[in-house]
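Visitor: what's the 3D shape of this:
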Amino acid sequence: MPMTRPRAIWNPLMLLALLGFASLAYAQPPIEKQMTPGQFKAAGLDKLSPTELANLNAWLNNTLEVETTKAATLAKEKVETENRGFLSFGKSDPIVARIPGEFRGFAKGHRWTLDNGQEWEQIDDASLAGARKTGPQVRITPSLVGNAWYMQVEGYNKRASVRRTK
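Guide: Here you go, the predicted model:
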């Protein structure tokens, strides 16, 4: 059965792309065109020289660009953090979390809900019979190629192939 990407990933990714394009394509209109003549005068901006007004507009455009870039970066980081495990995003650092409660070894089909809210399911035949550990730390690392993930539990050398389910 072909793997499908969860629908939840696509909406944030599209938002990310749109934010990126918006930051590149959006140039704020001059402030004198954004305000009514009354608002412009009430703000005291009619007292600015053409050079001062040009400097104000340049500053506003730069601020818009900087803030849009910051927002796009934060959105990208959030999407990547929330969706790691479904996709690797080219990062090789492991996901480190804990299994609340007791770990009772590996077996195909076992599911674990981690303290970070992620849920993982074992998809290979690795076994770790007789293992018992309360609240162990786990490291889930992506493979070097493809989108495979491996879980290792602290205190044990065995790894199991897992896939993120939630």
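
Visitor: which residues of the protein score low on pLDDT?
Guide: 1-26, 83, 87-90, 146 (pLDDT under 70).

Visitor: Show me the longest helix that occurs in it.
Guide: The longest helix of the chain (DSSP state H) is helix 50-83.

Visitor: Next, the buried residues of that one.
Guide: Neighbour-count burial for helix 50-83, counted by 16 or more other C-beta atoms under 10 Å, picks out 53, 57, 61, 68, 72, 75-76, 79-80, 83. Yep, even glycine has a C-beta here, placed from its N, CA and C like the rest.

Visitor: In TSV: those, plus distance to Lys158.
Guide: Shown next, in TSV, are those (distance: C-beta to C-beta, whole Å):
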residue	distance to Lys158
Leu53	69
Asn57	63
Asn61	57
Thr68	47
Ala72	41
Ala75	38
Lys76	35
Val79	32
Glu80	28
Asn83	27
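
Visitor: Going by distance to Ala42, which of the residues you listed wins?
Guide: Proximity of the buried residues of helix 50-83 to Ala42 (C-beta to C-beta) peaks at Leu53, which lies at 15.7 Å.

Visitor: show me the contacts for that closest one.
Guide: Leu53 makes contacts with 30-32, 45, as judged by C-beta atoms under 8 Å, 6 or more residues apart in numbering.

Visitor: at 10 Å what do you get?
Guide: For Leu53, the contacting residues are 30-32, 40, 45-47, taking C-beta atoms under 10 Å, 6 or more residues apart in numbering as the criterion.

Visitor: Need the residues you listed in a markdown table (columns: neighbour count and distance to Met151).
Guide: A markdown table is the format used below for the contacts of Leu53 (neighbours: other C-beta atoms under 10 Å; distance: C-beta to C-beta, whole Å):
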| residue | neighbour count | distance to Met151 |
| --- | --- | --- |
| Pro30 | 15 | 56 |
| Ile31 | 18 | 55 |
| Glu32 | 15 | 60 |
| Phe40 | 17 | 61 |
| Leu45 | 15 | 60 |
| Asp46 | 11 | 66 |
| Lys47 | 9 | 66 |
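
Visitor: Please flag which of these sit within helices.
Guide: Counted as lying in helices by DSSP H, out of these, are 31-32, 40.

Visitor: Hmm, Phe86 is touching Pro142, no?
Guide: No - contact status for Phe86 versus Pro142: not in contact, 11.1 Å apart, counting by C-beta atoms under 10 Å.
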